[in-house]
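**Student:** turn this into a model:
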Amino acid sequence: MKATIEKDGEGYLAKITGHPHLFAFAYSEAEAIAELKNVVEMIMDFHLEQVNNERLIRNELDSMQAKYAVQV
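**Tutor:** The predicted structure follows:
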């Protein structure tokens with residue numbers, strides 16, 4: 001990933017190139033980068049939680065399928 005920082009009004013906008021929803025604003029370059037890091041970590045945590053929830057659902061469906069499977 002490539003991050004860019006640009007002056008924006010009275011502060012700085014830090015963005016991840018190619019990802020329009022990954023950005024952060026702050027009044028100094030260092031704060032903008034720190035905030036961008038927080039945004040990226042929050043998005044990663046959200047996606048990891050989604051994957052874990054999907055894994056739990058898949059395991060539950062596998063268990064249900066095994067329980068109701070017809071034995072041949």
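**Student:** list the buried residues in the one helix or strand Leu13 maps to.
**Tutor:** Element membership for Leu13, per DSSP states H and E: strand 11-16. Buried residues in strand 11-16, counted by 16 or more other CB atoms under 10 Å: Tyr12, Leu13, Ala14, Lys15, Ile16. No exception for glycine: its C-beta is placed from N, CA and C like everyone else's.
**Student:** return the member of these nearest to Arg55.
**Tutor:** Ile16 (26.6 Å; CB to CB).
**Student:** isn't the closest one up against Ile33?
**Tutor:** No. In this structure, Ile16 is not within contact of Ile33 by CB atoms under 8 Å, at 11.1 Å.
**Student:** which neighbours do those two share?
**Tutor:** Listed as contacting both Ile16 and Ile33 by CB atoms under 8 Å, 6 or more residues apart in numbering are Ala3.
**Student:** any idea how far the helix or strand containing Lys67 is from the chain center?
**Tutor:** Using DSSP H and E, Lys67 sits within helix 29-68. In this view, helix 29-68 has its centroid 8 Å away from the chain centroid, taken as CA atoms, centre = their mean, to the nearest Å.
**Student:** in it, which residues are buried?
**Tutor:** For helix 29-68, by 16+ other CB under 10 Å, it's Ala32, Ile33, Glu35, Leu36, Val39, Val40.
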